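Chemist: here is my input, please return the structure:
(2 chains, ligands or ions: 1)
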Amino acid sequence: MAKGQKAALDAAKYRRFYEQMVHIREFEEECLRAFQRGGHGIGGYLHLYSGEEAIAVGIIGALDLSAGDCLIGHYRDHAYALAVGSPPGPVMAEICGKYDGCSKGKGGSMHICDAERGFYGGYGIVGGNVPIALGLGWALKYRQQAGVAVCFFGDGSMNQGAFHETLNMAQLYKVPVLFVLENNGYAMGTSIERSHANTDLTDRVSSYNMNRKKIDGQNIVTVYEEVSKIVADMKANPAPFFLECDTYRFHGHGAADEAKQTVVYRTKAEIEAAKANRDPIAIAAEILLEAGVITDDDIVRIHEEAVVEAKAAMKFSDDSPVPPADELLKDVYA
Amino acid sequence: MAKLRYIDALALALREEMRRDPNVFLVGEEVGQYQGTLELSKGFLEEFGKTRVVDTPISEVGIIGLGIGAAMAGLRPVCEMMRMDFATPAYDQIVQHAAKIRYMFGGQFQVPMVIRGPSGVGLQLSAQHSQAIEVLFAHIPGLKVVVPATPADAKGLLLTAIRDNNPVMVLESLRMYFMKPDDLEAIQPGLSEVPDDPDFSVPLGQANVLREGKDVTIVAYSWMVIQALKAANELAKEGISAEVIDLRTLLPLDMNTVLASIKKTHRAVVVQEQWPLYGCAAEISAQIGERAFYDLDSPVMRVTGAFVPMPYAKNLENLAFPTEVDIIAAAKRTLGGK
Ligand SMILES: Cc1ncc(C[n+]2csc(CCOP(=O)(O)OP(=O)(O)O)c2C)c(N)n1
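Modeler: Okay, here's the model as predicted:
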């Protein structure tokens, strides 16, 4: 759906989507500030999702997690957890390596998960999560459950052999996996032009005979409506689907290359233009205001609430202890 | 002699070999336009151009396969793994192909390639990005495994590895990348010095006695050498004289230097960053048992990482890998402490 198009939207649903996107944004900006000022326990890698929020929120919003739909992600994974409804405190505590974190502080930013809500976790090896999605979908089919498994990944994963093995098998066995390419144009410092022989990435999967589509990943209405239809079809006739979401990441690949990005692979002007024209939150605000789903006052209030929630999450984390020493040897085996 | 950082010594060896031998080229993720994720190859693209500094997609199997075929055809590729952890997706190419091609074709082909990248645990990189996996390669006939601990060895061993006619895994210490020459000099004078001779090289399979001592031999490699030297400094304050041996390469493995040292000290502590079972320390301890049993005054002690995937939380991470404190305790135990 284009900006400015009048539509009857489910007000409660879209208000909630808007809130989720703003909450994710503020949560991650809080993470970045904490990383930069230090002292909260955040170390190693921190990959932020800012700019891509409509994808996780719209897609997860179209799932029925309580009925068996599930998802798996890569290391840029905070938003998946927040969108499935994980409480922000434990997610933040995980990012900070605290004992009340969702993985007891053992996984960190790249390995958030929420078993109870069907989020099978974030993984650090590019392409490594994709074959696992095949198994998640397989289990649904095996149990004759009408559900879908969603697999989120970036364009980098499509250059791994594992990706192609998985798509072939998924189509061969008609496994209900929704493969979601979050195409933000770059894998770390490499643009798709420099890493894909065919930059039409939806076309790249055509050899698998799989249903596929490319959509605007910055528009929450588009994402939600398209995915709702796709998921309904997948449930009626189990088969995989490849969905490319066109998007943009506002920050560096990780918090550590925030400064380097504009020196070595993209211009400041490009980033500023994307922030001005392709911000999924601003786009949503415009559509929802026009549709009468939210008001200007709502926008201000939602933003304020998100800031408060992010700070509360950080407080929760700061108040949480580090994992006790005997935790080191636990969880290696079942 | 210049005082260099470890990463600059690696870059120097690579640059000098690329200048000297037009068959040498660098291939990997972000090695060119991005200047290397850790900036090891800064300036390389400008100097050598796109066919010798090859930016690749995130396709480790492809990177290693490209290297193997090019090496079989007579080039000398240096394949960079952004982190050695990412060699695991390409493990099949390395173990099933690179390592075996010479042997299974009766010596008709050779695979003169280097697979290198930062490795080792720490820095809160969590389970999939923080591991010491050298033994996964050191177990495999046909490979060579190089683990430099100092700037001089980084230069000298990488040079030798590139000139070697076999597939050589060079597992660099990520933590050493971040050490400044002054930090190293404070641990032991001369530790950051690299000979100026552009042809300076270090042979594979020759361990280095980095510090002489007479009471106990500490055998280590890579980042653990730094911990061992720190431990030796502390032990010296208590009147215990520790000899520190840097293995430098795990395959080939120089046991003679280790055994000669044990003849002198009669006690041994073997240190490794990685998981204890079936590890490098296990191998060395077994060989000491077989070949120097009667020289020993006490059981060989192993100091290793915990048998767990690396946890993220800093406090747990600190418990998961060995430090000088563990080495000191082990050394004292060989001397009759508890
Ligand atoms: C097998 C493997 N190789 C390299 C890396 C290092 N790495 C981590 S993320 C990344 C870029 C991935 O980009 P993309 O898949 O497009 O996802 P995005 O970060 O854009 O969301 C790279 C090269 C890795 N984690 N795993």
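Chemist: please count neighbours and contacts with C-alpha atoms only from this point.
Modeler: Fine.
Chemist: look at the spatially closest residue to B:Arg291 that is not a sequence neighbour and report its pLDDT.
Modeler: Using CA to CA, 6 or more residues apart in numbering or on different chains and skipping residues adjacent in sequence, the residue nearest B:Arg291 is B:Leu259, 7.8 Å away. On pLDDT, B:Leu259 comes in at 98.
Chemist: try A:Met314
Modeler: 98.
Chemist: touching, it and A:Ala93? I think so.
Modeler: Yes - counting by CA atoms under 8 Å, A:Met314 touches A:Ala93, with 7.4 Å between them.
Chemist: with neighbour numbers in mind, choose between the two.
Modeler: A:Ala93 (32 against 25; other CA atoms under 10 Å in any protein chain shown).
Chemist: and that one, its phi and psi?
Modeler: phi -60, psi -30 (degrees, to the nearest 10).
Chemist: can you check B:Gln131 too?
Modeler: phi -160, psi 160.
Chemist: please name the residues that touch it.
Modeler: Contact partners of B:Gln131, counting by CA atoms under 8 Å, 6 or more residues apart in numbering or on different chains, are B:Asp85, B:Ser119, B:Gly120, B:Val121, B:Gln274, B:Pro309, B:Met310.
Chemist: any chance of the residues you listed in JSON lines with secondary structure as columns?
Modeler: Below are the contacts of B:Gln131 laid out as JSON lines (DSSP: H, G, I helix; E, B strand; the rest coil):
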{"residue": "B:Asp85", "secondary structure": "helix"}
{"residue": "B:Ser119", "secondary structure": "strand"}
{"residue": "B:Gly120", "secondary structure": "strand"}
{"residue": "B:Val121", "secondary structure": "coil"}
{"residue": "B:Gln274", "secondary structure": "coil"}
{"residue": "B:Pro309", "secondary structure": "coil"}
{"residue": "B:Met310", "secondary structure": "coil"}
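Chemist: which of these sit farthest apart?
Modeler: B:Ser119 and B:Pro309 (14.8 Å; CA to CA).
Chemist: the two: who's more crowded?
Modeler: B:Ser119 (28 against 20).
Chemist: for that one, list each beta-bridge partner.
Modeler: Listed beta-bridge partners, B:Ser119: B:Ser173 (assigned using DSSP bridges).
Chemist: if I pick it, what's in contact with it?
Modeler: Contacts here follow CA under 8 Å, 6+ apart; on that basis B:Ser119 touches B:Arg83, B:Met84, B:Asp85, B:Ser130, B:Gln131, B:Ala132, B:Ile133, B:Leu171, B:Glu172, B:Ser173, B:Leu174.
Chemist: from B:Val147, how far off is it?
Modeler: 9 Å (CA to CA, to the nearest Å).
Chemist: look up how far chain A lies from B:Lys214.
Modeler: Between B:Lys214 and chain A the computed distance is 36 Å (CA to the nearest CA, to the nearest Å).
Chemist: helices along the stretch 151-300 of chain A, start to end?
Modeler: All helices of the stretch 151-300 of chain A, identified by DSSP state H, counting those that start in this stretch, fall at A:161-173, A:201-204, A:220-236, A:261-264, A:268-277, A:280-290, A:296-319.
Chemist: tell me which of those helices sits nearest to chain B.
Modeler: Smallest distance to chain B across the helices of the stretch 151-300 of chain A (CA to the nearest CA): 5.5 Å, for helix A:261-264.
Chemist: could you identify which of the contacts of B:Ser119 has the most neighbours?
Modeler: In the contacts of B:Ser119, the most neighbours by other CA under 10 Å go to B:Glu172, 27 neighbours.
Chemist: chain B against the ligand: which residues are in contact?
Modeler: B:Ile58, B:Phe86 (CA under 6 Å from any ligand atom).
Chemist: just for chain B, where's the confidence low?
Modeler: Applying pLDDT under 70 to chain B picks out residues B:338.
Chemist: all helices of it, in order?
Modeler: With DSSP state H as the criterion, chain B has helices at B:6-20, B:44-48, B:60-72, B:91-92, B:101-104, B:134-138, B:151-163, B:174-177, B:181-187, B:223-237, B:255-265, B:280-292, B:314-320, B:324-334.
Chemist: most packed of those helices?
Modeler: The highest average neighbour count among those, using mean count of other CA atoms under 10 Å in any protein chain shown, belongs to helix B:151-163 at a mean of 26.
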